[in-house]
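Peer 1: Okay, predicted coordinates and the sequence, questions at the end:
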Amino acid sequence: MISVAVAMWLQTSAACPATHPFGPSRPATRGIEPLENRIQIDRTGARWWNGRRVADDRTLDSYLATTAQLNPQPVTILTFARAAPCDAITRVRALMERRLACSQTNACAIGRAPKRRD
């Protein structure tokens with residue numbers, strides 16, 4: 001169920017080409033949903049961690065550092081609004097890569113938030 005949702009969000013914006021090869025897949029599980037963290041970037045560039053606004057990059061970096069120490073390590077999923085500023089997306093991707101080694105692990109997924117239907 002979650003894998004389908006992640007697959008829907010894997011399209012990156014043409015205006016913000018991916019600079020880090022985040023993976024679309026997750027470790028296979030049978031009946032157990034893996035833990036996950038969600039980072040969202042809204043159209044103003046504000047960052048959100050699991051639904052709570054993050055004040056600055058330093059705070060987000062500390063959350064990612066803590067996540068990297070957890071066992072098992074949760075998957076961290078970055079989603080962003082279609083109009084999110086590219087510089088905000090690029091900064092968050094760089095923080096994720098630095099702390100979670102996204103290009104070398106299955107620790108990360110990336111994509112856009114789905115369109116709202118309301």
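Peer 2: Right, received. Where do you want to start?

Peer 1: Could you list the low-pLDDT ranges of the chain?
Peer 2: 1-34, 111-118 (pLDDT under 70).

Peer 1: Can you show me the helices along it?
Peer 2: With DSSP state H as the criterion, the chain has helices at 2-8, 57-69, 86-100.

Peer 1: could you dump these to TSV with distance to Asn50 and mean neighbour count?
Peer 2: In this view, the C-beta of every residue, glycine as well, is placed from N, C-alpha and C. As requested, the helices of the chain are arranged in TSV below (distance: least, CB to CB, whole Å; neighbours: other CB atoms under 10 Å):
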stretch	distance to Asn50	mean neighbour count
helix 2-8	15	13
helix 57-69	9	15
helix 86-100	14	18
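
Peer 1: what's near enough to touch Leu35?
Peer 2: The contact partners of Leu35, taken as CB atoms under 8 Å, 6 or more residues apart in numbering, are Leu70, Pro72, Pro74, Val75.

Peer 1: before we move on, the earlier item: need the helices of the chain in CSV (columns: distance to Asn37).
Peer 2: Below are the helices of the chain laid out as CSV (distance: least, CB to CB, whole Å):
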stretch, distance to Asn37
helix 2-8, 13
helix 57-69, 6
helix 86-100, 10
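
Peer 1: wait, which of those is closest to Ile41?
Peer 2: For Ile41, the closest of those is helix 86-100, at 5.2 Å, according to CB to CB.

Peer 1: So Ala109 sits against Pro74, correct?
Peer 2: No. Ala109 lies out of contact with Pro74 (CB atoms under 8 Å); the separation is 11.2 Å.

Peer 1: Which residue of those two possesses the greater neighbour count?
Peer 2: Neighbours per residue, other CB atoms under 10 Å: of Ala109 and Pro74, the larger number sits with Ala109, 25 against 15.

Peer 1: Quick check: that one vs Thr66, distance?
Peer 2: Separation of Ala109 from Thr66 (CB to CB, to the nearest Å) stands at 19 Å.

Peer 1: same question, Ala88
Peer 2: Plainly put, Ala88 is 21 Å away from Thr66 if you go by CB to CB.
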